[in-house]
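Chemist: Test case, fold it:
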Amino acid sequence: MTVSGFPRFGFYLLSASLLLTFIGCTDRAAIEDQKAWLKSVHESWVEEDDRYKNGATSPLAGTQRFEIEETSTVYFSEVDGRPALSLDEADQPAFLLARDDDQWQWNGLIESLSLARADEEIPSGSVLAPGDRTMVDGLTVQMYPSAEKVIVLVFDPDTRRRADFETLDRFEPNPEFVVNARIERFATPEQLDLVTARQQFKKQYRYARLHFQIGDEELGLTAYKHTLEGEGSRQLFVPFTDKTSGKLTYGGGRYLFAEEPGEGDEVLIDFNLVTNPLCSYATIYNCIVPTLENKLPIEVTAGVRKYEHPDHT
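Modeler: Numbering: from 1, shown residues only. Sure thing, here's the model as predicted:
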């Protein structure tokens with residue numbers, strides 16, 4: 001049986017039955033710990049489903065992707081009812097992006113248009129930062145600049161995928177897939193170019209090897225980081241495949257995220273929170289493909305299952 005979104009009443013019934021099977025004792029404190037774990041997993045799932053259903057940049061709303069490089073100025077406008085980027089100033093462009101050395105500047109050309117960075121409004125003429133977004137005719141346009149290029153993603157809230165969405169399909173929560181992993185940090189994290197589904201590359205630091213046990217199996221996965229300093233430097237990114245990949249789960253791999261502890265050499269990883277790469281929901285994304293060293297020889301029947309929709313638009 002699979003669980004789709006874990007309806008609230010079913011969640012509490014399942015909680016009661018699972019507690020008797022996976023705790024294996026009647027210790028009150030242990031039971032309370034398992035209740036707290038189940039509640040936490042459920043809350044994470046509800047939050048994830050809400051982002052997919054209602055988020056302005058829901059993966060289910062992604063419709064177009066533009067990559068701009070080797071140019072100085074590009075205009076964003078509407079051509080035949082669809083967003084388009086042009087090197088020439090078309091009729092009533094909404095905004096322009098201007099490159100100056102390794103930076104991209106955003107300039108609004110419609111008085112009501114603004115640029116948002118998190119919850120802050122950024123004035124026209126500002127240098128773009130990754131994730132900056134604006135709204136044009138009901139569409140959300142999000143931008144990711146780098147020294148080489150700027151990527152522009154367009155999200156339409158009226159896609160059929162988003163309208164039909166209720167919940168991600170998940171395996172039942174299973175405490176067998178909650179493990180304490182021993183971190184074997186590499187002496188010198190190596191920055192690598194990991195191949196993506198678009199046959200491009202993304203830079204990641206090969207940071208550590210995680211050693212853990214599931215059942216009788218001694219297992220290991222390599223953890224990566226996108227940065228070694230500052231914001232996000234404690235997040236461990238673990239792309240992997242297992243024996244469910246391509247069958248019960250997305251064939252292009254699965255993603256696990258964990259927080260590196262401030263001290264010690266153990267990290268708690270919960271495969272019940274495993275997600276699909278975003279490119280399993282929309283073709284606008286450019287997802288890292290798991291390396292061969294992160295191929296698990298078991299079935300990880302936890303986390304999000306394969307996404308299927310009759311109309312992938």
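Chemist: for the stretch 201-313 of the chain, which spans come out with low pLDDT?
Modeler: 310-313 (pLDDT under 70).
Chemist: Was I right to think residue 266 contacts residue 181?
Modeler: Yes. Proximity of residue 266 to residue 181 meets the contact threshold set by Cβ atoms under 8 Å, at 6.8 Å. For every residue, glycine as well, the C-beta is placed using N, CA and C.
Chemist: higher neighbour count, those two?
Modeler: residue 181 (23 against 15; other Cβ atoms under 10 Å).
Chemist: ok, the more buried one - contacts?
Modeler: 210, 211, 212, 221, 258, 266, 267, 268, 269 (Cβ atoms under 8 Å, 6 or more residues apart in numbering).
Chemist: Same check on residue 93?
Modeler: Here residue 93 is in contact with 75, 76, 77, 86, 109 (Cβ under 8 Å, 6+ apart).
Chemist: go on, residue 64?
Modeler: Counted by Cβ under 8 Å, 6+ apart, residue 64 has contacts 82, 83, 153, 154, 284.
Chemist: ok, 10 Å please
Modeler: 82-85, 139, 141, 152-156, 282-284 (Cβ atoms under 10 Å, 6 or more residues apart in numbering).
Chemist: What are the boundaries of the helices in the stretch 1-150 of the chain?
Modeler: Ranges of helices in the stretch 1-150 of the chain, per DSSP state H, counting those that start in this stretch, are 8-22, 28-54.
Chemist: Spell out the secondary structure type for residue 262.
Modeler: When classified by DSSP: H, G, I helix; E, B strand; the rest coil, residue 262 comes out as coil.
Chemist: mind listing what the nearest residue to it once chain neighbours are set aside touches?
Modeler: Nearest non-adjacent residue to residue 262, counting by Cβ to Cβ, 6 or more residues apart in numbering: residue 234, 7.8 Å away. Residue 234 sits next to 225, 227, 258, 259, 260, 261, 262 when contact means Cβ under 10 Å, 6+ apart.
Chemist: before we move on, what about residue 250?
Modeler: Contacts of residue 250 (Cβ under 10 Å, 6+ apart): 241, 244, 275-277, 279-281, 287, 304-307.
Chemist: Equivalent analysis for residue 247, please.
Modeler: If you count contacts by Cβ under 10 Å, 6+ apart, then residue 247 has 299, 305, 306 around it.
Chemist: Surely it is in a strand?
Modeler: No. Counting by three-state DSSP, residue 247 is located in no strand; its state is coil.
Chemist: For it, give me phi and psi.
Modeler: phi -110, psi -80 (degrees, to the nearest 10).
Chemist: re earlier: just the buried residues of the contacts of residue 181.
Modeler: 210, 211, 212, 221, 258, 267, 269 (16 or more other Cβ atoms under 10 Å).
Chemist: I'd like to know which of those is nearest to residue 61.
Modeler: residue 258 (27.7 Å; Cβ to Cβ).
Chemist: Residue 239 falls within a strand, correct?
Modeler: Yes. Assessed with three-state DSSP, residue 239 lies in a strand.
Chemist: I figured it hits residue 245, correct?
Modeler: No. The criterion here is Cβ atoms under 10 Å, and residue 239 misses it with residue 245 at 11.1 Å.
Chemist: okay, and the common contacts of those two?
Modeler: Joint contacts of residue 239 and residue 245 (Cβ under 10 Å, 6+ apart) are 252, 253, 254, 290.
Chemist: which residues does the first one contact?
Modeler: Contacts of residue 252 were listed using Cβ under 10 Å, 6+ apart, and they are 196-197, 239, 241, 245-246, 276-277, 279-280, 287-290.
Chemist: With the last one instead?
Modeler: Under the criterion of Cβ under 10 Å, 6+ apart, the neighbours of residue 290 are 194-195, 221-222, 238-242, 245, 252-255, 277, 296.
Chemist: at 8 Å what do you get?
Modeler: Residue 290 touches 239, 240, 241, 253, 254, counting by Cβ under 8 Å, 6+ apart.
Chemist: Check the spacing between the first one and residue 171 real quick.
Modeler: Going back to what we said before, that points to residue 239. As for residue 239, its distance to residue 171 is 19 Å (criterion: Cβ to Cβ, to the nearest Å).
Chemist: now do the fourth one
Modeler: In this structure, residue 253 and residue 171 are separated by 16 Å, where distance is defined by Cβ to Cβ.
Chemist: between the two, which one's more packed in?
Modeler: Using other Cβ under 10 Å as the criterion, residue 253 and residue 171 rank with residue 253 on top: 24 against 21.
Chemist: Pretty sure that one sits against residue 277.
Modeler: Yes. Using Cβ under 8 Å, residue 253 is in contact with residue 277, at 6.1 Å.
Chemist: got a markdown table for the buried ones among the contacts of residue 181, with secondary structure and distance to residue 104 too?
Modeler: What follows is the buried ones among the contacts of residue 181, written out as a markdown table (DSSP: H, G, I helix; E, B strand; the rest coil; distance: Cβ to Cβ, whole Å):
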| residue | secondary structure | distance to residue 104 |
| --- | --- | --- |
| 210 | strand | 37 |
| 211 | strand | 42 |
| 212 | strand | 42 |
| 221 | strand | 36 |
| 258 | strand | 33 |
| 267 | strand | 36 |
| 269 | strand | 37 |
